[in-house]
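*Asks:* Predicted coordinates and the sequence they were generated for:
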Amino acid sequence: MVIALETRSFFSTLLLKNWFFLLLLLVTAGLSFWIAVELPEGYRIVVIFFYAIFSLYLSFYFSWKIASTVTTQLKVLQEKTKAINAGEFTSAMVMTNITELAELAEEIDLMSSRLSKQFFDLNLEKEKFNLVLQNLKEGVVVIDHSQKILFCNKSVPTSLFEENAGMRSIEAAVKHPKLLEFLKEHIQQQREGKINIEARTKYYSVRLYSLKASKENKFFIGVILDKTEDRERQMIREQFVQSASHELKTPITSIKGYTETLESRLKLPDGSPEQRFLDAIKRNTDRMIRIVEDMLTISKLENSNTTIHKERFLLIEIIDRMKYTLDGILGPKKQIFETIVPENLYIDADPILLEHLLLNLIQNASMYSPPSSTITLKVEEKEDKILIHVIDRGYGIPESDLGRIFERFYRVDTNRSREQGGTGLGLSIVKHIAKLHGGWVSVQSTLGKGSTFTVNFPLDKKP
Ligand code: ADP
């Protein structure tokens, strides 16, 4: 605040004081001249000397007076700005009688009160943010680029981080070696990432995000989620599916066996209603067996403990090995199988799973294509990947369904799929197998013209 004093412009004060000074000099000069004229010759020099001393003193006195009034008030302003700089917004009010300085002081005071309000708001926001962060269910850690922990909330598990992890280096604060290695590697390479960690009986998922504060400063935010319950639920679900599939497999196989025995004993004439019933039972038990087998396969592939047994082999070899099985699939519809595969292309994959993947795609291509059409298996090497395309000239898939066909039990045309003996699980299996190999699967299709399924496998360029 500025105390309202009667103020005067510095310029007019200076002008007024100068006039007064000049007047004083003139008067004293006149007086000295008059005295000097009256005095004898020898004393005149003394009067001139005293006048010179007096005028020198007068000019020094006036300069000092003017300078000191400005500098003392400037000093007060300087103190005030220093106080604001130090975050002290309630420092003494500025008093000045110089208009120019009074205006400046008023601006500084206004700035001080505005800054004080902004600081208050900022602190309030900070407190609120802190409160929210501290009470989050998820653990939150903020790490700077020099690998020092700047913030750590209450939910950060003590099995992963030391209790007072704040302001310590990750080397000293992170307890879990796998997590420490992940954090070091990602912060050094300035990368975001995700890792799953098992600590004691708990299971965590840690995601690392990067935040650019300035050109040189990058912060990393780690969010730790306790996935123990999810994982337990998933394991119960997996176990349930596995047990149910196993339990179903035995009675279905026995129904199939008894149906076949019944058929061979009864020797029913072809086309008779009883024979048609037996055929329907056989068809449906076969379908149930396939569904149970696919469910078992999916549950095994989805199991997080599943490890694949990768081998390095010539891709063409596995395709040759599938020839008889493919004849059985394509033969009844008299479809033509065409292969465009490089002779000496090696692939790193689990051969059993790769065969399963190819069979599923080729079986689908055959199921959803008319008789006598051609199905092409084309393999190409592109940069660091192998692309396997299964191309058919069949019914195609509507665009609206393309995004969902990899979901479990999703069928575009349920009746056609059932008629053809489909389970609705084939593409889901394909997707899982590709994922387990670090790849992915995609589809392109035109209704009435055909579909192309492309599987991408990472290429390991070993000699
Ligand atoms: P299904 O056992 O029913 O074939 P999939 O998971 O293998 O189950 O496929 C899901 C659905 O995607 C199928 O029901 C079918 O409608 C569609 N589909 C899959 N492959 C093709 C294809 N090559 N051509 C046309 N439709 C296809």
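*Replies:* Right, received. Where do you want to start?
*Asks:* how about stretch 154-167: buried residues?
*Replies:* For stretch 154-167, a neighbour-count test (16 or more other C-beta atoms under 10 Å) marks Ser155, Val156, Pro157, Leu160, Phe161, Ala165, Gly166 as buried. In this view, the C-beta of every residue, glycine as well, is placed from N, C-alpha and C.
*Asks:* what's the longest strand in this protein?
*Replies:* If you go by DSSP state E, the chain has its longest strand at strand 202-212.
*Asks:* counting contacts, what elements does the following helix or strand past that one pack onto?
*Replies:* Downstream of strand 202-212, the next assigned helix or strand under DSSP states H and E is strand 218-226. When contacts are defined as 3 or more C-beta pairs under 8 Å, 6 or more residues apart in numbering; DSSP states H and E, strand 218-226 sits against strand 139-144, helix 177-188, strand 202-212.
*Asks:* same thing but 6 Å
*Replies:* On a contact count with 3 or more C-beta pairs under 6 Å, 6 or more residues apart in numbering; DSSP states H and E, strand 218-226 meets strand 139-144, strand 202-212.
*Asks:* Just name the most buried of the ones you listed.
*Replies:* strand 139-144 (a mean of 20; mean count of other C-beta atoms under 10 Å).
*Asks:* Looking at the record's assignment, how would you partition this structure?
*Replies:* What automatic domain parsing lists as the domains of the chain is 2-121, 137-226, 231-302, 311-458.
*Asks:* a markdown table for the helices and strands packed on strand 218-226, including distance to the ligand?
*Replies:* Putting these into a markdown table (distance: least, C-beta to the nearest ligand atom, whole Å) gives the following:
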| stretch | distance to the ligand |
| --- | --- |
| strand 139-144 | 39 |
| strand 202-212 | 28 |
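*Asks:* Export these as JSON lines, with columns for distance to Lys382 and mean pLDDT.
*Replies:* Below are the helices and strands packed on strand 218-226 laid out as JSON lines (distance: least, C-beta to C-beta, whole Å; pLDDT from 0 to 100):
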{"stretch": "strand 139-144", "distance to Lys382": "38", "mean pLDDT": "93"}
{"stretch": "strand 202-212", "distance to Lys382": "30", "mean pLDDT": "92"}
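*Asks:* Any chance of JSON lines for the ones you listed, columns distance to Val132?
*Replies:* What follows is those, written out as JSON lines (distance: least, C-beta to C-beta, whole Å):
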{"stretch": "strand 139-144", "distance to Val132": "10"}
{"stretch": "strand 202-212", "distance to Val132": "17"}
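*Asks:* Write out the residues of the stretch 251-400 of the chain neighbouring the ligand.
*Replies:* Residues of the stretch 251-400 of the chain lying near the ligand by C-beta under 6 Å from any ligand atom: Asn364, Ala365, Tyr368, Asp392, Gly394, Tyr395, Ile397.
*Asks:* Quick one: mark the members of those that sit in helices.
*Replies:* Among those, the ones falling in helices (DSSP state H) are Asn364, Ala365.
*Asks:* returning to what we had before: could I get the CA-only coordinates of the longest strand of the chain as CSV?
*Replies:* Listed next in CSV are the C-alpha coordinates belonging to strand 202-212 (Å, rounded to 0.1, in the frame of the first residue of the first chain):
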residue,chain,number,x,y,z
LYS,A,202,1.1,-59.6,-4.5
TYR,A,203,1.1,-58.9,-8.2
TYR,A,204,1.6,-55.4,-9.6
SER,A,205,1.5,-53.7,-12.9
VAL,A,206,3.8,-50.6,-13.2
ARG,A,207,3.4,-48.1,-16.0
LEU,A,208,6.0,-45.4,-16.6
TYR,A,209,5.0,-42.2,-18.3
SER,A,210,7.3,-39.4,-19.3
LEU,A,211,6.5,-35.7,-18.9
LYS,A,212,8.5,-32.9,-20.5
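*Asks:* Out of the helices and strands packed on strand 218-226, which gets nearest to Ile170?
*Replies:* Of all those, strand 139-144 sits nearest to Ile170, with 6.2 Å by C-beta to C-beta.
*Asks:* how many degrees apart are the longest strand of the chain and strand 218-226 in direction?
*Replies:* 160 degrees (axes from the mean of the first three to the mean of the last three C-alpha atoms, to 10 degrees).
*Asks:* Helices along the stretch 51-200 of the chain, start to end?
*Replies:* 99-134, 170-173, 177-188 (DSSP state H, counting those that start in this stretch).
*Asks:* Just put the ones you listed in TSV and tack on distance to the ligand and mean pLDDT.
*Replies:* Below are those laid out as TSV (distance: least, C-beta to the nearest ligand atom, whole Å; pLDDT from 0 to 100):
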stretch	distance to the ligand	mean pLDDT
helix 99-134	44	88
helix 170-173	45	93
helix 177-188	35	94
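*Asks:* Reformat these as TSV; add mean neighbour count.
*Replies:* What follows is the helices of the stretch 51-200 of the chain, written out as TSV (neighbours: other C-beta atoms under 10 Å):
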stretch	mean neighbour count
helix 99-134	13
helix 170-173	16
helix 177-188	16
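*Asks:* I am finished for the moment; much appreciated.
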